[in-house]
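Trainee: model this:
(chains A and B)
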There are 2 protein chains.
Amino acid sequence: MTRRISKPLRIGKVTVGGDAPIVVQSMTKTDTRDISATINQVKELEDCGCEIVRIAVPDGEAAESLATIKKNVSLPIIADIHFDYRLALNALKAGVDGLRLNPGNIGDKDQIAQVVAAAKERGVPIRIGVNAGSLPADSQPKAPMARRMVKMALEQTKLMESLDFDLIKVSLKAFDVPATIQAYRMIADKIPYPLHLGVTEAGLPRTGAVRSAIGIGILLYQGIGDTIRVSLTAHPCEEVFVAYEILKSLGLRRRGPTLVSCPSCGRAEVDIITLAEAVGKRLQGVTKPIKVAVMGCVVNGPGEAKDADVGIACGKGKGAIFRKGKVAATVSEDRFLQALMAEIESLNEEGLQ
Amino acid sequence: MTRRISKPLRIGKVTVGGDAPIVVQSMTKTDTRDISATINQVKELEDCGCEIVRIAVPDGEAAESLATIKKNVSLPIIADIHFDYRLALNALKAGVDGLRLNPGNIGDKDQIAQVVAAAKERGVPIRIGVNAGSLPADSQPKAPMARRMVKMALEQTKLMESLDFDLIKVSLKAFDVPATIQAYRMIADKIPYPLHLGVTEAGLPRTGAVRSAIGIGILLYQGIGDTIRVSLTAHPCEEVFVAYEILKSLGLRRRGPTLVSCPSCGRAEVDIITLAEAVGKRLQGVTKPIKVAVMGCVVNGPGEAKDADVGIACGKGKGAIFRKGKVAATVSEDRFLQALMAEIESLNEEGLQ
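Mentor: The predicted structure follows:
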């Protein structure tokens, strides 16, 4: 996992690219013109760990709302613009920290030049956000999707570079995972800019989390990607949750608890599914990066429980509570949850995995 | 995605390895000694698409139960054995289609030789199933986990080969995703046998699906892996569901519907989350491999809806229903769900994506 080195840029207070941590983004799903609902959702997103928030700007009223929204939140805000370059100009006036333009629908070169000039004046980065679903008619309609997306992104990059602008990020999103991976891999060596990863329109959480984890995970494992957005048809905090699970699984970020729990099998002598669900529920309130193991038998139980900050290896009617690799107590089945949670609460952040 | 070529073998009626489709496995979570509960769960697993079922054999009574279970189910059965080689001998007598031995705890060479001889006589394959959580004390305890797991698997492989046995499958499971990937990559070129992939003790579905998707997905994308088991602390059919989502995301298997749905944003003029959830719920009963798109606006809506078998691109108060790339109808908001489901039901399997 050697990371591709990109040219870092700043979206407000957040650095994207270079050797900065992979940044987690999401998007508000409120009507942008409903200023208080949108402010509330940005704050919810901040609370759940989101680091940059994108807001759709479908019309002039939405663009105007951005000024008030921006003044009332602390997370960096990116305006998401399609179809009308004037909305981008108005979003910049409203003080946004970044723009996302869809090169497939944003307009002609002169219009883009106006946006670039205004962004440059303010030092505001622009993401060239290509989507498979909104590529314009192409001279090579039969070319593979990945190639068509990359071609569009490179054309737009060159246009911006010709305007002496380099505060650029690029994304190349498709629903198709192999096409998404192929597109990002193709462009990774061709431009020096940070890459924003995503699998677009990935669907409902149960399936979309899997699809996003594979697409984003494969690229991150190849060292590609500086910021990620998980697209799920759900509350945006679910997107942020899945984004951190992806990053945590690859050891790229730490956030909140990690629960190691065995799937249970015909060997388990306690109801491990119910116990793990109860522990998982209790851990939702924990913010420290603690690793907890809930294990159902002696096969991998002691090994995994020892390897966690706190763990339980259950046997018939009793279980061994582990703390930092050592047995801290042996407890009866009615005290499993209580004893495990007491150990978790007693550990402070120092020295957690 | 050039697939590693492995030496195929048969687990009952199912081929694993070579150019066979990637096989989906799971495990019963009933008490194996409860014969009727275990038979019922194997049947549930068959209904949800599982192709091979593993059953834990913790004691002699469980081993004896296998004969009756095996007679009453049609899926191939693998006996999961730890600690006591005699349970493996009894499982073979009961007629199982495969064995999984944990080399970390199964016993000495003579005991393994007895199991191998009995398996060979019946033509039953053995999986050498290494787990990070149950490696024995090692001469190099500080060596990286991946290296220690591979060393253990290679020792066991050589032992079986020295007994003139080659019906071998290997797994190298850890909770740590990079260690899991590294271990499988290390062994992939060293042995010709099929590899069974898994990230062990991955946890509850919401996090475990992400972790499994990344670990298994990265390996499959590299062409490594012949059969997979997603370990989740949940009903085993959830494991099977996630396994297929992984395989579908990479274009390796088809099964049931695929829902493309946009995450919604400040641009949406209908409640796309509620609509997508309703469509998702209705699609649960659909078994044909149909691709359905539920899209909230005109940015990517028409593009994605056209690309699906059936799709809807919603606008203010009305939506365009697409069927095979063409607008089939324009419907008012109160008829979105009904019209989309009618199109889905009218399509037959021929010509689906």
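
Trainee: And the pLDDT for the residue in the stretch 51-200 of chain A that chain B sits nearest to?
Mentor: Chain B sits closest to residue A:133 of the stretch 51-200 of chain A, with a gap of 3.0 Å, by C-beta to the nearest C-beta. Where C-beta positions appear, they are placed from N, C-alpha and C, glycine not excepted. Per-residue pLDDT puts residue A:133 at 90.

Trainee: burial of it, as a residue count?
Mentor: 25 (other C-beta atoms under 10 Å in any protein chain shown).

Trainee: and the residue nearest to it when sequence neighbours are not counted, what are its phi and psi?
Mentor: Leaving aside its sequence neighbours, residue A:133 sits nearest to residue B:300 (C-beta to C-beta, 6 or more residues apart in numbering or on different chains; 3.0 Å). Per-residue torsions, residue B:300: phi -110, psi 0 (degrees, to the nearest 10).

Trainee: Repeat that for residue A:144.
Mentor: For residue A:144, the backbone dihedrals (degrees, to the nearest 10) come out as phi -60, psi 150.

Trainee: before we move on, back to that, how about the contacts made by the residue nearest to residue A:133?
Mentor: With contacts defined as C-beta atoms under 8 Å, 6 or more residues apart in numbering or on different chains, residue B:300 is in contact with A:131, A:132, A:133, A:134, A:200, A:201, B:262.

Trainee: Of all pairs in those, which one is the farthest apart?
Mentor: Within the contacts of residue B:300, A:132 and B:262 form the most distant pair, 12.6 Å apart (C-beta to C-beta).

Trainee: Pretty sure the residue of the stretch 51-200 of chain A closest to chain B sits against residue A:200.
Mentor: Yes. Taking contacts as C-beta atoms under 8 Å, residue A:133 lies within contact range of residue A:200: 6.9 Å.

Trainee: Residues that sit against both of those two, list them.
Mentor: A:174, A:175, B:300.

Trainee: tally of neighbours for the closest residue to residue A:8 other than its chain neighbours?
Mentor: Once flanking residues are discounted, residue A:8 sits nearest to residue A:18: 3.2 Å by C-beta to C-beta, 6+ apart. Other residues near residue A:18 come to 13 when the count uses other C-beta under 10 Å.

Trainee: now swap in residue A:187 and tell me
Mentor: Neighbours of residue A:187 under the rule other C-beta under 10 Å: 23.

Trainee: Over to the one 3 residues further on?
Mentor: Other residues near residue A:190 number 12, with proximity taken as other C-beta under 10 Å.

Trainee: So which residues on the stretch 51-200 of chain A come close to chain B?
Mentor: Counting by C-beta under 8 Å from any C-beta of the partner chain, the stretch 51-200 of chain A comes close to chain B at A:54-58, A:62, A:80, A:82, A:102, A:105, A:131-135, A:175-178, A:181, A:200.

Trainee: I'd like the list of the residues you listed that fall within strands, please.
Mentor: Using DSSP state E, the members of these that fall within strands are A:54, A:55, A:56, A:80, A:131.

Trainee: Any residues of the stretch 251-353 of chain A in contact with chain B? List them.
Mentor: Neighbours of chain B within the stretch 251-353 of chain A, by C-beta under 8 Å from any C-beta: A:251, A:258-268, A:272-273, A:276-277, A:280, A:293-295, A:297, A:299-304, A:307.

Trainee: So which of those sit within helices?
Mentor: Counted as lying in helices by DSSP state H, out of those, are A:272, A:273, A:276, A:277, A:280, A:301, A:302, A:303, A:304, A:307.

Trainee: Can I get the residues you listed in JSON lines including pLDDT, distance to residue A:8 and neighbour count?
Mentor: Below are those laid out as JSON lines (pLDDT from 0 to 100; distance: C-beta to C-beta, whole Å; neighbours: other C-beta atoms under 10 Å in any protein chain shown):
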{"residue": "A:272", "pLDDT": "95", "distance to residue A:8": "45", "neighbour count": "24"}
{"residue": "A:273", "pLDDT": "96", "distance to residue A:8": "44", "neighbour count": "21"}
{"residue": "A:276", "pLDDT": "97", "distance to residue A:8": "40", "neighbour count": "29"}
{"residue": "A:277", "pLDDT": "97", "distance to residue A:8": "41", "neighbour count": "17"}
{"residue": "A:280", "pLDDT": "96", "distance to residue A:8": "36", "neighbour count": "20"}
{"residue": "A:301", "pLDDT": "88", "distance to residue A:8": "44", "neighbour count": "28"}
{"residue": "A:302", "pLDDT": "88", "distance to residue A:8": "44", "neighbour count": "19"}
{"residue": "A:303", "pLDDT": "88", "distance to residue A:8": "41", "neighbour count": "20"}
{"residue": "A:304", "pLDDT": "88", "distance to residue A:8": "38", "neighbour count": "27"}
{"residue": "A:307", "pLDDT": "89", "distance to residue A:8": "35", "neighbour count": "21"}
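
Trainee: which one of the residues you listed is nearest residue B:233?
Mentor: Nearest to residue B:233 among these, counting by C-beta to C-beta, is residue A:276 at 4.3 Å.

Trainee: got the contact list for the closest one?
Mentor: Contacts of residue A:276 were listed using C-beta under 8 Å, 6+ apart, and they are A:259, A:261, A:294, B:203, B:204, B:233.

Trainee: and the fourth one, what does it touch?
Mentor: Contacts were defined as C-beta under 8 Å, 6+ apart; by that measure residue B:203 touches A:258, A:259, A:260, A:261, A:276, A:280, B:211, B:232, B:233.

Trainee: let's see 10 Å
Mentor: Going by C-beta atoms under 10 Å, 6 or more residues apart in numbering or on different chains, residue B:203 touches A:245, A:258-263, A:276, A:279-280, A:292-294, B:175, B:209-212, B:231-234.
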